[in-house]
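A.B. asks: here's a sequence, model it:
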Amino acid sequence: MFYDIVDSTSLLSMLDPEEFADAQRAIHTTVASIIQRYDGYLDQIAGDGGCAFFGYPVATEDAAEAAVNAALEIIQRCRNLEQASDKISAVPMRIGLATGTVVVNSSSRVGLPGGVEIIGLAVNLAARLQTLTAPDSVLVSETTHRLTHSAFHYRFVDNITVKGFSEPQPVWQPLEKRELDSRFETRRRADTPLVARVQEIEVGLRCWSEVEKGTGRILFLTGEAGIGKSRLVSELSRHVDRSSCDRRLFQCQPRGNRRPFHALIDRFIREIRHFTGSEEVDNAAVRAYLAKLVPDVRQESIDSLCLLAEVSPGRLGGDMSPIDVPGQQFSRAAIGAMIDVLSAWSARKPQFIILEDYQWADALTKSLVAELARGIGGIRALLVVSSREPVGPDLTSCPGVVVQDLARLSSGNVAQLVEEIWKPHPVPQGLSHFIEARSEGVPLFVEELAYLLKDRFGSAHSTKVSWETMLVQEGVSTLKDLLLARIAGMNGARRIAQIASVIGREFLFPHLVAIAGGMPHDTIASHLESLVANNVVHPAGGEGERSFRFRHVLFQEAAYDSLLKSEQRELHRRIVAASKGSGSPQLSDDVLAWHCERAGLFQEATQYAIRAAEGCAIRSAMHEAYQLLASAETCLSRVTQSSSTDDLMLRLLATRGPVEMALYGSGSREARRTYEEAIAICRGKGPTDREQWFPLYWGWWITSPNSEAVARSQVIVSDLEKTSDPEIRLQALHCSWATHFHAGNHLDCLRCIDQGLRLYDRERAVLNRTKYGGHDAKVCGLAERGQSLWFRGDRAAAAKSVEAALHWAEEINHLGSICHALDVALIFNHFEKNGPEVLRLSARMRELAVQYDLPNCEAKADIFSGWALALQGHVTEGRGKFERGLKHQLKIGTEEDLPLYMDMRAATLECEGRDDLALRAIEEALEYAKRTSDVFWLPELYRRRAALGEQCGRSAVLVRLDLERALSLAVAQGAETIAQRVRDDLQRLDQG
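C.D. replies: Numbering: from 1, shown residues only. Now for the predicted structure:
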């Protein structure tokens, strides 16, 4: 696709350069969002035009149709941009589209700017078509027209001569989306025979035989859409004796479903509703159902499943408290809960479990499958996973995993399938070769094309000419055309298929009734029977459930695409409205967000997407949360700005901040930018309601560079010192004392701690210790007080305060607080050079790291234990462990305490007798401290450089200069312990 803003020079002459830039940027932004929504790739923007590709980087069956849809929407949307400015009368666009084979290179490989280099005649043709297009219109090539003419109304324009093409090229103009008419009548038929899958069936049955003997297996069935994965799963299921096992089907969804374990939880919730006879799903219902289903499951697993099953866990209204991000602990607990349930099921009966369309699985489901791959052998279950994507080596290397990559049908297989379908009539001469050429051996395509031709010609004489003529007349050239034609030929049943497709691949009869616009129940039921008879949908529910499922996701997509955009919007609106009524099926927030977006209800879509993201975040599904927030921001950008949209954006940012810190780190550029944007909006709203926005102020501080942290903490304390909420005043002081310590302001640090601890309340702390810094404020205050007291010279009181922090962390039994207290205790005992205590505390830190999968704790355990071992004479072991820990910390941690760690590296190098490298490490530590303003250890670093410099032969003048600088800084900071060390060194230097 090439697009161009028509007559942009005239637009520039009407506006000043700044206004023109704003207008042009708005146009490009609009175009980019549309291209992205249709899965296109915007390669470049140059001035008043741009270039995009569809079907890249991932090939799709409907790339050409997506491109035409995008082009028509761009034309329409850019016409409406004039409403945004009274200075722009119109924004006409020209767009050219062409389809063909191209060569793609990464630009980095060929030394060119931009993302990719794409070479091919289609690129040249699309660029040429764009220049010939009239304003506010689209021109497409013959190939694009052939692939999409069943979906759009077209007007033939002309044959044009294009450089590089030997013959004139036909050019077409798409006018609008086509509403498909009935093109042929379908007749009821039996299931299609299965061909060319004997080996795959045998492999599946061998896997099941192993399961019956007690050894679990995972069977991956992979291949492109329409290759026969679902059919093979169905055939395997038929060979399994259902009386001797439990069969369970879980379906991953492509649209709107981003919740962790959505395929499993959606089925779980439906079964609970059937069990209780109510649409409401609460903890009591979940526990009652689990007590019946799997009474042997551990309590911890039940708690995790209750949280996962909560339909809408996001917060209501304008609650601005930061979300509780639990990290890896919940992920592990949730995966463990799922495995517990599976193990409980398999203890009673072998399990035949199907997980379909794995390519759409969420991150936690993929983690669950990976965990099962390592331990499935001990569970009596066969997990059959169908996926369009290949299986990675991390799974194929597991002994319990079997992979079957399904191939297309050979010529002989196609002929066999066509012969079976055509019975009892003889197959016309050449028909099998004709179908093979058209379908390229894709089984679903072969099947549908064979039935279409049989329905049309039957026993009558027909030839290649008549087959080709019929396909041209019916507008059939792709698999999607065939499926559209099948659905279009079902008269009233077609409408039910279309309505159902908006709900999803699987749908409930009551939900269908709720959005069918008053259609009688008997009529809907009759049409559903017709869809079942024609093999378009299948009954899917268990006993007592009126649930149905499209036979293949491609049928659902074809039915959905046959609706006009206006019809899609109206049906999505009905689904949203029905979800709010009593007795209607409840939908999760992520699904409602998707329906609202498709319905054009962008503000509601934003609200639901934020709630869904909050629910994902508290379940450790950070990537899904981040994607939902990106969708929310896109929807919010389409809502007219007001104070309510500002509040919604602040809530979005308050959710995104913790998610970005979990994904990228608290000092990451992404998290910092989010909180800076939030504070800019807060300040624009004026000084009122600062209590409400405090979590954003906290995030603004916690993500700030050390050089700005002191100033920001002072702003927070100043702005919130008069608040009536003692917890907010405490957390503001919490910001301040941590900042003052790292800045070396020990008196200010102690003052803030004393004020803060007087405000501490144990009950309030339960709600806030995870939200603010991930640890309890009292633990932090006692620990930081111990460190500052040590610097001030009161070593006995310091040790007592650090010990009190450890005891309090253990008493409240909060993991983040225990880790924080251990971290400070390790640093304190490093100050004291207490190697045995450092080793004891490191061992405790490592236990927690292993038990709860805490990489940061593991890194620190290695750093401190390595340092202690080296100082105790185990130099080789200690140096290796220290360097491993530091490398890990640099990869995953922040710059906090890094100058201290570099000093510890220098100490381990000294133990090796490598004073020159130790001196270099101190130089690096000094640079880090200056650059990051993490200066509490700076006086000691100058003292250490003086000592190492003397050992390495530096002049006495330079050594003294470092010692004098160290003394000056120590006195300024009130660090009497360090100051006394420096005075001792100066005295020794004078005497020497």
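A.B. asks: can you confirm residue 639 is in a strand?
C.D. replies: No. Counting by DSSP: H, G, I helix; E, B strand; the rest coil, residue 639 is located in no strand; its state is coil.
A.B. asks: wait, doesn't it sit right on residue 605?
C.D. replies: No. With contact defined as C-beta atoms under 8 Å, residue 639 does not reach residue 605; the gap is 9.3 Å. Any C-beta I mention is one placed from the backbone N, CA and C, and that applies to glycine too.
A.B. asks: between these two, who's got more neighbours?
C.D. replies: residue 605 (26 against 17; other C-beta atoms under 10 Å).
A.B. asks: helices along the stretch 101-250 of the chain, start to end?
C.D. replies: Remark: helices assigned in the stretch 101-250 of the chain by DSSP state H, counting those that start in this stretch are 107-110, 121-132, 142-148, 198-212, 229-239.
A.B. asks: quick one: distance of stretch 909-925 to the chain centre.
C.D. replies: 43 Å (C-alpha atoms, centre = their mean, to the nearest Å).
A.B. asks: dump the C-alpha coordinates for that stretch into CSV.
C.D. replies: Extracted C-alpha coordinates of stretch 909-925, given in CSV (Å, rounded to 0.1, in the frame of the first residue of the first chain):
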residue,chain,number,x,y,z
LEU,A,909,40.4,-8.5,43.8
GLU,A,910,42.7,-7.3,46.6
CYS,A,911,42.4,-10.8,48.1
GLU,A,912,43.8,-12.1,44.8
GLY,A,913,46.7,-9.7,45.0
ARG,A,914,45.5,-7.8,41.9
ASP,A,915,45.7,-4.3,43.4
ASP,A,916,45.8,-2.6,39.9
LEU,A,917,42.4,-4.1,39.0
ALA,A,918,41.0,-3.4,42.5
LEU,A,919,42.0,0.3,41.9
ARG,A,920,40.2,0.3,38.6
ALA,A,921,37.1,-1.1,40.3
ILE,A,922,37.2,1.7,42.8
GLU,A,923,37.5,4.2,39.9
GLU,A,924,34.3,2.7,38.3
ALA,A,925,32.5,2.9,41.7
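A.B. asks: state the mean pLDDT of it.
C.D. replies: Average pLDDT, stretch 909-925: 95.
A.B. asks: try stretch 745-765
C.D. replies: Averaging pLDDT along stretch 745-765 yields 94.
A.B. asks: quick one: low-confidence ranges for the stretch 451-600 of the chain?
C.D. replies: The stretch 451-600 of the chain contains residues with pLDDT under 70 at 541-545, 582-585.
A.B. asks: can you do 50?
C.D. replies: Low-confidence segments of the stretch 451-600 of the chain (pLDDT under 50): 543.
A.B. asks: please enumerate the helices of it.
C.D. replies: In the stretch 451-600 of the chain, the helices defined using DSSP H, counting those that start in this stretch lie at 464-474, 479-488, 492-503, 509-515, 521-533, 553-561, 565-579, 589-599.
A.B. asks: tabulate the ones you listed in TSV, adding columns for distance to residue 91.
C.D. replies: Output for these, formatted as TSV (distance: least, C-beta to C-beta, whole Å):
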stretch	distance to residue 91
helix 464-474	38
helix 479-488	33
helix 492-503	32
helix 509-515	36
helix 521-533	44
helix 553-561	28
helix 565-579	21
helix 589-599	24
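A.B. asks: what's the closest of these to residue 117?
C.D. replies: helix 479-488 (30.4 Å; C-beta to C-beta).
A.B. asks: which secondary structure elements does that closest one sit against?
C.D. replies: When contacts are defined as 3 or more C-beta pairs under 8 Å, 6 or more residues apart in numbering; DSSP states H and E, helix 479-488 packs onto helix 443-457, helix 492-503, helix 553-561.
A.B. asks: how about TSV for these, with mean neighbour count and distance to residue 149 added?
C.D. replies: Converted to TSV, the helices and strands packed on helix 479-488 look like this (neighbours: other C-beta atoms under 10 Å; distance: least, C-beta to C-beta, whole Å):
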stretch	mean neighbour count	distance to residue 149
helix 443-457	22	17
helix 492-503	23	20
helix 553-561	23	14
